[in-house]
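A.B. asks: how does the following fold in three dimensions:
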Amino acid sequence: MQTLHTQPLSAQASEPLELRLSFRTSDDQTTVRVRSPELDIEAFPQPFADPLADKPLLLENLRWYLEKYTAWPVGPHRERAQRVEDGLTGIGGRLFRAVFGAPEATRIWQQFRDHPEDPKLLTIDSRNPEILRLPWELLADGNDHLFALDISIRRRVHESTQRLGAGFHLPLRVLMVTVRPRDLSFIDPRLSPCALLDAVASLTPEEANDIQVEFLPNPTFSALSQRLRDKHLPPVHVVHFDGHGVYEQDRELGFLAFEDAKGYLDKVDAGRLGTLMTKAKTPLLLLDACQSASIGDQDPFRSVAPRLIENGVGAVVAMPYSVLVSTSERFFRAFYPALLSGNTIGQAVDLGRWALHDTPERSEIYYPPEQEMVAVTLRNWFLPVLYQRARDLAPFAGADGARYQSHYPIDQETQDCHFIEPQVASALLGGFPQPQYCFIGRAQKLWKLQRQLAERRVVVLHDLAGQGKTATASEAARWLLRTGRFAKAVFVSFEGGGDRDRALGQLGTALIGEEFASLGRAARLAELQKALAREPVLVIWDNFEGALPGLEAELSPAALTELLETDLQLVSGPGQRAGSRLLITSRDAKLPTHHAGYAPSAQVAYLALEGMATYEALELASSVLDARNLPRPSREGLEDLLGFLGGHPLAILLVVPHLAEYDNDVSQVMARFEALYPGFTEGKAKKRNESLQVSMGFSLDRLS
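C.D. replies: A predicted model of the protein is given here:
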């Protein structure tokens, strides 16, 4: 296995040899001064002009490549991506010539580059947003990016000698703050936390024990302040903020988007957060997922990341573009162990960059021109942006974390999509079904479901057959166990029917053990209530329509009333105080007609699953095609087909595997649908919720 070797710093380690590019703007003119404080050399300030100003497509194509290309990496998209990759060194060269083009600056650069001292650091020192928005991490001398020359790059917006106190002690504690205000655009809240959890899970057992991930249960600034200032809890070393940055043009201020008590936007300016982290001696803030470091025309100099540094945060690592889970996971897998081994924050960022640099493969797809599986690469090693206020801090240098050997695998495959930690797997009780493919989409529904389970004791997830209710409930259980919301989850299926005794018997056996069967019928409910009061448990009654009127196994009215009444009693009283919840999946949402206690209220919520959004359906179709090594049709034609299917997951699973039989000609498939069900292509099937029926007929028609 290929490994990356680094030397941890001691507490008395020398500062790196620094080359500083100081940008100053006055009277609409920007100058840059090149100097090395340690070598005592500097060049007279020279005029600086943005070398990318006349090439706006360069940055536009770069954003497309990093954020959108991998969604459909075939045909002309692949060719466009190749052009972007080929031009990365050219972008870095333009930036390099703009700052080192003058003879005196060139001389200083050569002295700095040729000096034997190691490590080396290049600092971009500026308050100008037009300077900070440029991709300095791509700086290249000839064909060599500075990063590949082992020269770290960081940004500084306020020079200071301020330093956070002494070293820290293990375990390294990461506080994940995931914020999704109801009134802002939505991004899947599982992406960044999943990447972090997968990264920790991929470490050796010894390393994993030395990193603890804690989730802030209430994403308000008040809750964060209380947690960081609480002297009775272990100190936090890294605040990992997964959310939006907001900029107010009229006030020229940047904010982080926290939530208020009702889940709506609460804008927290960088001054408040910076003061809090400085007082709490929290050395590092990680901004992730929502382009919080991006500084463009609508994000002038008081953008979020620079402002945080100005207001006292020691170091900020930010992603200037939305990133893939695999990108974040590979970065974190190298970054966090590097901190444990005694490296500085800057060195840990570089180790994360090397991990991205050396493993550019993100996935594989079948590509017809090559008639084989081809790797989809993404050369995005330059994504992490480091801002620092003072000297490069090594939080665990000289502490017990420096005992690591500092050999980190960088070519290890990312976690399988079905992977969950052993301790989480052991907490899934009752035979949870394993998905055939990776769980795709439903991000907003899962987030709403998570909120409802926090606020209500019973949630009913309902919709038509084949919409993925069971898969969504199972995914919610896995995720809420991983993030610490529940200690256990129990799955009980009502497919084929079931009454009170059968349901309680399965639940009791899963939670308490075989001895539960020896309890008398009258004692079973009380014993289960005690178990649900000891720790938070998520109880899932799946396919509950099996017990409702209309099917062969329907319960008598008296038996159904008894079952529903028992369900309410399970998560009331002590169970409710412990945080235990009941999640019911059902095609039938008319439970209040059978028991008044199930009417929507402060204790009971209903959530309709509905069809998948087009982008989610497209992702599911991609997953099916890739899993079967099938080629992809044109994106436009496939989107039309998925639209006619109404985003119905089971319909997609039935139809998509047959596309190859029609030479990926979606029009032929649509014609066959029209023959099976006249009026389908006019959208009538979607209106009549008959997508599943048509898809099943089409699938069965393909059988011999």
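A.B. asks: after the top helix by length along the chain comes which helix or strand?
C.D. replies: For the chain, the helix with the greatest residue count under DSSP state H is helix 325-340. Next along the chain after helix 325-340, taking DSSP states H and E as the criterion, comes helix 345-358.
A.B. asks: circling back to that earlier point, run the chain-centre distance for the longest helix of the chain.
C.D. replies: 13 Å (C-alpha atoms, centre = their mean, to the nearest Å).
A.B. asks: same for it, what does it pack against?
C.D. replies: When contacts are defined as 3 or more C-beta pairs under 8 Å, 6 or more residues apart in numbering; DSSP states H and E, helix 325-340 packs onto strand 172-178, helix 191-201, strand 211-215, helix 345-358, strand 361-367, strand 407-409. C-betas here are computed from N, CA, C, even on glycine.
A.B. asks: can you check which of the ones you listed gets nearest to Arg581?
C.D. replies: strand 211-215 (16.9 Å; C-beta to C-beta).
A.B. asks: neighbouring strands - and their directions - for that closest one?
C.D. replies: When sheet partners are counted by DSSP bridges, strand 211-215 sits next to strand 172-178 (parallel).
A.B. asks: what sits up against the partner strand?
C.D. replies: 189, 192-193, 196, 210-216, 219, 224, 227-228, 234-243, 336, 339-340, 395-396, 401, 483 (C-beta atoms under 8 Å, 6 or more residues apart in numbering).
A.B. asks: if we go to 7 Å?
C.D. replies: Strand 172-178 has contacts (C-beta atoms under 7 Å, 6 or more residues apart in numbering) with 189, 193, 196, 210-216, 219, 224, 227, 234-243, 336, 339-340.
A.B. asks: now stretch 349-367
C.D. replies: With contact meaning C-beta under 7 Å, 6+ apart, stretch 349-367 is reached by 4, 6, 70, 73-74, 147, 152, 317, 324, 326-327, 330-331, 333-335, 338, 373-381, 384, 386, 408, 410-411, 626, 629-632.
A.B. asks: what's around Pro557, how many residues?
C.D. replies: 10 (other C-beta atoms under 10 Å).
A.B. asks: state the distance from it to Gly597.
C.D. replies: 15 Å (C-beta to C-beta, to the nearest Å).
A.B. asks: before we move on, the earlier item: which of the contacts of stretch 349-367 are buried? Put it as a ChimeraX command.
C.D. replies: Command for ChimeraX, covering only those of the contacts of stretch 349-367 found buried under the criterion 16 or more other C-beta atoms under 10 Å:
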select :4,6,70,73,74,147,152,317,324,326,327,330,331,333,334,335,338,374,376,377,378,380,381,384,386,408,410,626,630,631,632
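A.B. asks: what number of residues lie near Cys194?
C.D. replies: Look at Cys194: counted by other C-beta under 10 Å, it has 19 neighbours.
A.B. asks: report all helices and strands that the helix or strand hosting Ile584 contacts.
C.D. replies: Using DSSP H and E, Ile584 sits within strand 581-586. Packing partners of strand 581-586 (3 or more C-beta pairs under 7 Å, 6 or more residues apart in numbering; DSSP states H and E): strand 458-462, helix 469-482, strand 537-542.
A.B. asks: quick one: closest of these to Val604.
C.D. replies: Using C-beta to C-beta, the nearest of the helices and strands packed on strand 581-586 to Val604 is strand 458-462, at 4.7 Å.
A.B. asks: wait, what's in contact with the nearest residue to Thr327 once chain neighbours are set aside?
C.D. replies: With sequence-adjacent residues excluded and distances taken as C-beta to C-beta, 6 or more residues apart in numbering, Thr327 is closest to Asn380, at 6.0 Å. When contacts are counted by C-beta under 7 Å, 6+ apart, Asn380 touches 66, 327, 356.
A.B. asks: Asn380 belongs to a strand?
C.D. replies: No. Going by DSSP: H, G, I helix; E, B strand; the rest coil, the assignment for Asn380 is coil, not a strand.
A.B. asks: ok, it to Leu324 distance?
C.D. replies: Taken as C-beta to C-beta, the span from Asn380 to Leu324 is 8 Å.
A.B. asks: do the same with Glu616
C.D. replies: The value you get for Glu616 to Leu324, if C-beta to C-beta is used, is 16 Å.
A.B. asks: what of Ser341?
C.D. replies: The spacing between Ser341 and Leu324, counted by C-beta to C-beta, is 26 Å.
A.B. asks: can you check Gly75 too?
C.D. replies: Gly75 is 20 Å from Leu324, by C-beta to C-beta.
A.B. asks: touching, Leu449 and Ala476? I think so.
C.D. replies: Yes. Leu449 is within contact range of Ala476, at 5.4 Å (criterion: C-beta atoms under 7 Å).
A.B. asks: which one of these two has more residues nearby?
C.D. replies: More crowded of Leu449 and Ala476, by other C-beta under 10 Å: Ala476, with 26 against 23.
A.B. asks: quick one: closest of the helices and strands packed on strand 581-586 to Pro129.
C.D. replies: Among the helices and strands packed on strand 581-586, helix 469-482 sits nearest to Pro129 (C-beta to C-beta), with 37.3 Å.
A.B. asks: contacts for that closest one next, please.
C.D. replies: Counting by C-beta under 7 Å, 6+ apart, 190, 197, 420-421, 424, 427-428, 432-433, 435, 439, 442, 445-446, 449-450, 461, 463, 486, 489, 538, 540, 542-543, 583, 585, 609 sit against helix 469-482.
A.B. asks: ok, stretch 70-81 next?
C.D. replies: 65, 69, 324, 362, 365, 367, 376, 378, 632, 635.
A.B. asks: let me see the ranges of the helices in the stretch 601-704 of the chain.
C.D. replies: Counting by DSSP state H, counting those that start in this stretch, the stretch 601-704 of the chain has these helices, from start to end: 614-627, 635-644, 649-655, 666-676, 684-687, 691-701.
A.B. asks: so which of those helices is the most surrounded?
C.D. replies: Highest mean neighbour count among those (mean count of other C-beta atoms under 10 Å): helix 649-655, with a mean of 23.
A.B. asks: elements contacting it?
C.D. replies: helix 614-627, helix 691-701.
A.B. asks: tell me the angle the longest one makes with strand 361-367.
C.D. replies: Right, helix 614-627. 80 degrees (axes from the mean of the first three to the mean of the last three C-alpha atoms, to 10 degrees).
A.B. asks: what's helix 614-627 in contact with?
C.D. replies: 365, 437-438, 440-442, 612, 632, 638-639, 642-643, 647, 649, 652-653, 656-657.
A.B. asks: what ranges does the stretch 101-250 of the chain have for its strands?
C.D. replies: 120-125, 140-141, 144-145, 151-156, 172-178, 211-215, 238-242, 245-248 (DSSP state E, counting those that start in this stretch).
A.B. asks: closest to Gly573 out of those strands?
C.D. replies: strand 211-215 (26.5 Å).
A.B. asks: send me that closest one as PDB with only the CA atoms.
C.D. replies: What follows is strand 211-215, C-alpha atoms only, in PDB (Å, rounded to 0.1, in the frame of the first residue of the first chain):
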ATOM      1  CA  ILE A 211     -10.800  11.200  17.500                       C
ATOM      2  CA  GLN A 212     -14.300  11.800  18.900                       C
ATOM      3  CA  VAL A 213     -17.000  13.300  16.700                       C
ATOM      4  CA  GLU A 214     -19.700  15.100  18.600                       C
ATOM      5  CA  PHE A 215     -22.900  16.500  17.000                       C
END
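A.B. asks: and the average pLDDT for it is what?
C.D. replies: Average pLDDT, strand 211-215: 92.
A.B. asks: okay, buried residues for it please.
C.D. replies: Quick answer for strand 211-215 (16+ other C-beta under 10 Å): 211-215.
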